[in-house]
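Asker: what shape does this take:
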Amino acid sequence: MEFSEIPVLSPWDFVNYDLSEVLIENKKDGSILLLIPGGKFLAGGSAFEVELSAFYAGLTTVTNAQYVRFLNEVRPDKTDMEKWIELDRNCFVRAKFSGGYEAYGDKEKHPVVQVSWYGAQAYCKWAGGRLPSELEWEKASRFTDGKTYPWGKEWNQSLCRNDKNHGTETTSQVFGYPKGVSPWGLYQMSGNVWEWCQDWYDESAYERYKVGNLRTPAGGQYRVLRGGSWDDYCEEGFRCAYRLKRGPTYRFGCYGFRLFRSLTP
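Answerer: Sure thing, here's the model as predicted:
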């Protein structure tokens, strides 16, 4: 991904930050990362205050081309491949007869899908980053003032990729729907693909967060996904506060992820 590819971003206020540090390139995989400042934001459906440290969030989800780059460098064995990604007709990454992997179908700049939580985790580790906590993901999506959707309070199906507007395709390219960016300028925090988070799913986690205990669940059966996808039609699932749970081995044609990174290694 090149900086020249980035369309006009939404304005933001990064007081006390060097503007050269606001938007950076992650050298390992080419992801463009945006600084989300530390501070308070309104989280959850009941909109309570949470304070987080600053972090970097991927401007877009990880693409097929980027995941191919990862696979071709790491050269996973059969066991890891089967655990990380399903190379079926719904996935636009495939093995080449000559060896290695390639993106195909003019989908190089679409989000990689059919990736399990393990496949997302492995990529982030290779790239020198990590998956987000679900609170970080939520702040990146809804800004600080408790927006229902990245663009505001009201549902608008024209502002994100969903079941009502994908036509004969599934995903869109990662810079699609620029009018639906979050106030920070992040693309497709609602729609296109559900995004894996680091956290184990705990139904009562937000009750702890509400009283200031930000300890994430230590274990569980499911991991968290956020954001809604091209395969969804109910506006509920596209809310910034909506939480989906799936087993970490689960792979589907509308599940992807984006790279996050701490300010310090």
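
Asker: for the chain, what's the longest strand?
Answerer: Identified as the longest strand of the chain according to DSSP state E is strand 194-200.

Asker: check which element follows it along the chain.
Answerer: As assigned by DSSP states H and E, the chain's next helix or strand after strand 194-200 is helix 205-210.

Asker: right, and residue 104 touches residue 94 too?
Answerer: Yes - Residue 104 lies in contact with residue 94 (CB atoms under 8 Å); the separation is 5.8 Å. Every residue, glycine included, has its C-beta placed from N, CA and C.

Asker: for the stretch 151-265 of the chain, give me the ranges with low pLDDT.
Answerer: In the predicted model of the stretch 151-265 of the chain, residues 265 satisfy pLDDT under 70.

Asker: which stretches of it form strands?
Answerer: For the stretch 151-265 of the chain, applying DSSP state E, counting those that start in this stretch gives strands covering 194-200, 223-226, 244-246, 255-256, 260-262.

Asker: can you list the neighbours in contact with the last one?
Answerer: For strand 260-262, the external contacting residues (CB atoms under 8 Å, 6 or more residues apart in numbering) are 26, 33, 55-58, 124, 128-132, 136-137.

Asker: cutoff 7 Å now
Answerer: When contacts are defined by CB atoms under 7 Å, 6 or more residues apart in numbering, strand 260-262 is touched by residues 26, 33, 55-58, 129-132, 136.

Asker: among these, which are located in helices?
Answerer: For the contacts of strand 260-262, the ones inside helices are residue 136, with DSSP state H as the criterion.

Asker: take the contacts of strand 260-262 and keep only those in strands.
Answerer: 33, 55-58.

Asker: just the buried members of those?
Answerer: Buried members of these, scored by 16 or more other CB atoms under 10 Å, are 33, 55-58.

Asker: now for those residues: which two are most distant?
Answerer: Spatially, the most separated pair among those is 55 and 58, at 10.9 Å (CB to CB).

Asker: re earlier: make CSV from the strands of the stretch 151-265 of the chain and add distance to residue 118 and mean neighbour count to it.
Answerer: Listed next are the strands of the stretch 151-265 of the chain as CSV, based on distance: least, CB to CB, whole Å; neighbours: other CB atoms under 10 Å:
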stretch, distance to residue 118, mean neighbour count
strand 194-200, 9, 24
strand 223-226, 10, 26
strand 244-246, 12, 18
strand 255-256, 12, 28
strand 260-262, 17, 19
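
Asker: can you list the low-confidence ranges for the stretch 1-150 of the chain?
Answerer: Residues of the stretch 1-150 of the chain that meet the cut-off, pLDDT under 70, sit at 1-20.

Asker: how does it look with 90?
Answerer: Counting by pLDDT under 90, the ranges of the stretch 1-150 of the chain that qualify are 1-22.

Asker: how about the helices in it?
Answerer: 64-74, 78-84, 117-127, 134-142 (DSSP state H, counting those that start in this stretch).

Asker: out of the ones you listed, which gets nearest to residue 214?
Answerer: For residue 214, the closest of the helices of the stretch 1-150 of the chain is helix 134-142, at 7.0 Å, according to CB to CB.

Asker: what helices and strands are in contact with the closest one?
Answerer: strand 39-43, strand 48-52, strand 194-200, strand 223-226 (3 or more CB pairs under 7 Å, 6 or more residues apart in numbering; DSSP states H and E).

Asker: let's see that with 6 Å instead.
Answerer: strand 194-200 (3 or more CB pairs under 6 Å, 6 or more residues apart in numbering; DSSP states H and E).

Asker: what's the angle from the strand it packs on to helix 134-142?
Answerer: Interaxial angle of strand 194-200 relative to helix 134-142 (axes from the mean of the first three to the mean of the last three CA atoms, to 10 degrees): 150 degrees.

Asker: which residues touch strand 194-200?
Answerer: 117, 120, 131-134, 137, 216-217, 219-220, 224-227, 229, 254-255, 257-258 (CB atoms under 6 Å, 6 or more residues apart in numbering).

Asker: again, only using 8 Å
Answerer: Contacts of strand 194-200 (CB under 8 Å, 6+ apart): 61, 115, 117, 120-121, 130-134, 137, 205, 216-220, 222-229, 244, 252, 254-258.

Asker: any chance of the contacts of strand 260-262 in CSV, plus distance to residue 175?
Answerer: Compiled in CSV, those are given as follows (distance: CB to CB, whole Å):
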residue, distance to residue 175
26, 17
33, 15
55, 22
56, 18
57, 15
58, 12
129, 20
130, 23
131, 22
132, 20
136, 22
